[in-house]
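Novice: Sharing a model that was predicted from the sequence below.
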Amino acid sequence: MTQAKPSGKNSFRGADMERPLIAVTMGDPSGVGPEIIVQALADPELNRLCRPLVLGDRGALERALAITKLPLTLETVQETGPLRREPGVVYLRELTRLASEEMTFGSPSAAGGDAAYRYICEAAQLCLSGAAKAMATAPINKEALNRAGHHFPGHTELLAQLTGTDQVVMMLAGERLRVTLVTIHEALAQVPALVTRERVLETIRITDRALARYFCPAPRLAVLALNPHCGEGGLFGDEERTVIAPAIAAARAEGIDAVGPLSADTLFHFAVSGGYDAVVCMYHDQGLIPLKLLHFDDGVNVTLGLPIIRTSVDHGTAYDLAGTGKASAQSMKAALVMAAQMAAMGAAPARG
Ligand SMILES: NC(=O)C1=CN([C@@H]2O[C@H](COP(=O)(O)OP(=O)(O)OC[C@H]3O[C@@H](n4cnc5c(N)ncnc54)[C@H](O)[C@@H]3O)[C@@H](O)[C@H]2O)C=CC1
Ligand SMILES: NCC(=O)COP(=O)(O)O
């Protein structure tokens, strides 16, 4: 009887097919994006988990390889590239050819902002078509994006528009803490008017649904107050009584394990001691200050509520470090690992 031979080639190809294709956007060419991408992709473990495809600029990535002195080569590919991936190769879909003066380190440019915009749009398209299973984004500079005429405060809002999604939720996640935001890129003066019952409720719902799908089967959510001491019985504001508590009650009536409103000054202590799976915060800095205190290096930004999977670094373009090779690539790596793990579970079905 002939023994079935172990088919190295076939099994390798099979393994490749199982590894999800992740579209990796290069971000702002004048920032640390290109450097942290090549550093992250130099990790063989990452390439065992997924097939990263960088959407970006060859000149910017060659410069990043020179700075980081990594033994990687760049291969420009069409569409999504070959199924079989060689170790030590960064696969690039070249979407721009920027001149050096359009990617001066530490200096935002309209050309750089437009390039970053194009990488994001293409990645979203690849995800929507099913060609990529997720996207992981390097940081953009919002000033450059807006200078280029793309009037979005960040990826989150742009992706909501590109995918036709009404409400999305920004989550930042680390091993010890996860936070989600009711309002995202808003002037602090605008926040109270934007903290509506509907918005708080929808943020709780989206957080609960995404956590249950990807991270923990029965999420326990803490919902923060907006004002100090939960408004102190109306002495310092009444959003807790009129808006946040009714939203929590409605969420609980739907079977969601959400509690609050809870005072933000003490709650994080209990959240990191394991009391909650996520903290629903009313505004950007309320959630991101504790998150970055604990997870500056390895935090991941995940956009919840989209019909596609999107993860990102938790930091910005770090113009002060761009071109030095000193920026930590840990958050980029964590974003790629999380994208691969989420992709293995599949994007959430579109909401009916
Ligand atoms: N996901 C994204 O695309 C994000 C983009 N941004 C944008 O980035 C730009 C700059 O924002 P900033 O507020 O200055 O924040 P930033 O995160 O770029 O920098 C703040 C400080 O953290 C340091 N830092 C950042 N990343 C680091 C890394 N990987 N390793 C070591 N140190 C690091 C910087 O050197 C700087 O001292 C803005 O346009 C902002 O909107 C900010 C956050 C996220
Ligand atoms: N502070 C987080 C942040 O600004 C990231 O925004 P986005 O580009 O992911 O929307």
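Specialist: That came through, no problem. These figures come from a predicted structure and were not determined experimentally. Ligands and ions are numbered 1, 2, ... in the order given.
Novice: Ignoring the adjacent residues along the chain, who's closest to the residue of the stretch 151-300 of the chain found nearest ligand 1?
Specialist: In the stretch 151-300 of the chain, the residue that lies nearest ligand 1 is residue 155 (5.8 Å; Cβ to the nearest ligand atom). Placement of C-beta: from N, CA and C, glycine included. Here the nearest residue to residue 155 in space, its sequence neighbours aside, is residue 137; by Cβ to Cβ, 6 or more residues apart in numbering that works out to 5.6 Å.
Novice: mind pulling up the phi and psi values for residue 326?
Specialist: In terms of degrees, to the nearest 10, the main-chain angles of residue 326 are phi -90, psi -10.
Novice: For the helix or strand where residue 287 lies, which helices and strands make contact with it?
Specialist: Element membership for residue 287 (DSSP states H and E) is helix 284-295. Applying 3 or more Cβ pairs under 8 Å, 6 or more residues apart in numbering; DSSP states H and E, we find helix 284-295 packed against strand 169-173, strand 178-181.
Novice: rewinding a little: could you pull up the residues touching the residue nearest to residue 155?
Specialist: Residues near residue 137 by Cβ atoms under 8 Å, 6 or more residues apart in numbering: 24, 25, 27, 120, 123, 155, 310, 311, 312, 313, 335.
Novice: Okay, and which of these map to strands?
Specialist: 24, 25, 310, 311, 312, 313 (DSSP state E).
Novice: bridging residues for the residue nearest to residue 155?
Specialist: For residue 137, the beta-bridge partners are residue 25, residue 312 (DSSP bridges).
Novice: Okay, it and ligand 1: tell me how far apart.
Specialist: For residue 137, the distance to ligand 1 equals 6 Å [Cβ to the nearest ligand atom, to the nearest Å].
Novice: still on that earlier bit, so which of the helices and strands packed on helix 284-295 is nearest ligand 2?
Specialist: Nearest of those (Cβ to the nearest ligand atom): strand 169-173, 6.4 Å.
Novice: From the contact counts, what lies against that closest one?
Specialist: For strand 169-173, the packing partners by 3+ Cβ pairs under 8 Å, 6+ apart are strand 178-181, helix 197-214, helix 284-295, strand 300-304.
Novice: okay, the first one in CSV with CA atoms only?
Specialist: Going back to what we said before, that points to strand 178-181. Output in CSV follows, covering the C-alpha atoms of strand 178-181 (Å, rounded to 0.1, in the frame of the first residue of the first chain):
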residue,chain,number,x,y,z
ARG,A,178,-10.8,48.5,27.8
VAL,A,179,-12.5,51.8,27.3
THR,A,180,-15.2,52.9,24.8
LEU,A,181,-16.2,56.4,24.1
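Novice: which parts of it are buried?
Specialist: Neighbour counts over strand 178-181 (16 or more other Cβ atoms under 10 Å) mark 178, 179, 180, 181 as buried.
Novice: Which other helices and strands does it contact?
Specialist: Strand 178-181 packs on strand 169-173, helix 197-214, strand 278-281, helix 284-295, going by 3+ Cβ pairs under 8 Å, 6+ apart.
Novice: Parallel or antiparallel, list what pairs with that strand.
Specialist: strand 169-173 (antiparallel), strand 278-281 (parallel).
Novice: Following the chain onward from it, which element is next?
Specialist: helix 191-194.
Novice: Tell me how far that next one lies from the chain's centre.
Specialist: 24 Å (Cα atoms, centre = their mean, to the nearest Å).
Novice: Just the residues contacting that helix, thanks.
Specialist: By Cβ under 8 Å, 6+ apart, the residues outside helix 191-194 that reach it are 182, 183, 186, 226, 237, 239, 282, 283.
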